[in-house]
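1. Below are the sequence and a predicted model; questions follow.
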Amino acid sequence: MSGSAKRIEIFLNALWLEFGLSDNTLAAYGSDLTQFDRWLKNQGLMDVCESDISRFLLYRQTQGNSSRSSARMLSTLRRFYGYWVRENQIDTDPTQLIDAPHVGRLLPDSLSEADVERLLQSPETVHPLGFRDRTMLELLYAAGLRVSELVEITFQQVNFRQGCIRITGKGEKERLVPVGEEAMTWMEHYLAGARQDILGNRQSDYVFVTTRGSCMTRQAFWHVIKRYAKQAGIEKHLSPHTLRHAFATHLLNHGADLRVVQLLLGHSDLSTTQIYTHIAQHRLKELHTKFHPRG
């Protein structure tokens with residue numbers, strides 16, 4: 001193992017011990033640092049100066065990397081060199097005087113209500129798997145769930161009498177999410193028929209199952225929703241998260257309070273939810289026309 005590779009490993013181990021970061025996050029840090037190390041060739045990670053990092057960021061720009069990607073790379077390098085300064089292995093942080101690239105706030109992709117309707121009607125519900133997929137899409141849109149929350153729902157989380165689902169979201173925070181009558185009806189019919197047809201003689205605590213008896217993975221459902229979007233003639237980029245965005249946008253368009261949407265989405269900070277006000281233009285224009293004296 002080279003000296004730089006060993007430094008990266010020590011740094012990643014320190015991050016895991018101190019902050020308990022996920023494997024995916026640690027892998028992203030490692031990938032960024034390895035990329036920088038390869039660009040340096042034989043120079044070594046511990047022997048760089050401010051101009052080296054500036055040239056590297058400029059090189060990335062010429063290779064077509066976005067400002068957001070470069071900002072993330074700089075953040076990785078700041079954390080890496082900040083760690084070694086604290087460990088008294090280097091005297092100064094070579095990133096400290098470098099300004100981060102300006103990153104505009106990305107607006108989430110969303111769908112119109114007509115797009116959602118076409119998407120929901122795409123699965124062929126005469127088949128058990130199609131009925132399952134339709135039910136998943138209905139619930140995803142009705143409750144604004146994250147895809148990881150959707151695929152991992154168990155029977156213990158569903159309360160049909162109250163029409164809600166208990167969700168454990170990010171940071172192990174629980175929230176009760178109301179589910180509309182339409183989605184609940186699909187759930188009841190799915191559990192009464194299609195689910196058992198898919199399972200056969202197998203048993204599972206998960207609501208949404210595969211023919212193997214396990215819950216569907218996030219990646220598998222991503223492919224499912226892409227397929228149905230193509231069938232529905234929806235050409236924009238689509239992911240399971242797009243329906244979550246549509247859920248929030250359409251609620252605001254129809255007059256929902258922003259704090260209510262925050263609670264339904266499970267956002268800990270209202271500022272995270274506020275981005276949806278930028279795409280709920282239809283509702284905002286109506287409010288302006290109705291209440292402004294010169295509307």
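-> That came in fine, so what should we check first? This is a predicted model, so every value here is computed, not measured.
2. Name all residues that make contact with residue 92.
-> residue 85 (Cβ atoms under 8 Å, 6 or more residues apart in numbering). (Each C-beta comes from the backbone N, C-alpha and C, glycine too.)
3. So it versus residue 52, what's the distance?
-> To residue 52, residue 92 is 13 Å away according to Cβ to Cβ, to the nearest Å.
4. Also residue 130?
-> Going from residue 130 to residue 52 by Cβ to Cβ gives 55 Å.
5. Residue 242 too?
-> For residue 242, the distance to residue 52 (Cβ to Cβ) stands at 40 Å.
6. Which one of the two is surrounded by more residues?
-> Neighbour totals were compared for residue 242 and residue 52, and residue 242 leads with 23 against 16 (other Cβ atoms under 10 Å).
7. I'd like to know how many residues surround residue 27.
-> Residues near residue 27, counting by other Cβ under 10 Å: 12.
8. And for the one 10 residues further on?
-> Neighbour count for residue 37, taken as other Cβ under 10 Å: 19.
9. Verify the stated contact: it with residue 46.
-> No. Using Cβ atoms under 8 Å, residue 37 is not in contact with residue 46; the gap is 10.5 Å.
10. residues shared between the contacts of these two?
-> Common contacts of residue 37 and residue 46 (Cβ under 8 Å, 6+ apart): residue 4.
11. Okay, and the closest residue in space to residue 8 that isn't next to it in sequence sits in which element?
-> Spatial nearest neighbour of residue 8, chain neighbours left out: residue 33 (4.8 Å); criterion: Cβ to Cβ, 6 or more residues apart in numbering. Counting by DSSP states H and E, the element that carries residue 33 is helix 23-40.
12. After that helix, which helix or strand is next? Please name it.
-> Next element after helix 23-40 (DSSP H and E): helix 50-62.
13. what's the following helix or strand after that following helix?
-> Elements were assigned by DSSP H and E; along the chain past helix 50-62, the next helix or strand is helix 67-86.
14. Any chance you could list what contacts that next one?
-> Residues from elsewhere that reach helix 67-86, judged by Cβ under 8 Å, 6+ apart: 7-8, 11, 14-15, 28-29, 32-33, 35-36, 45-46, 53, 57, 60-61, 65, 90-96, 98, 100-104, 106.
15. And the helix or strand following it, what's buried?
-> Per DSSP H and E, helix 67-86 leads on to helix 113-120 as the next helix or strand towards the C-terminus. Using 16 or more other Cβ atoms under 10 Å as the burial criterion, the residues of helix 113-120 that qualify are 115, 116, 118, 119, 120.
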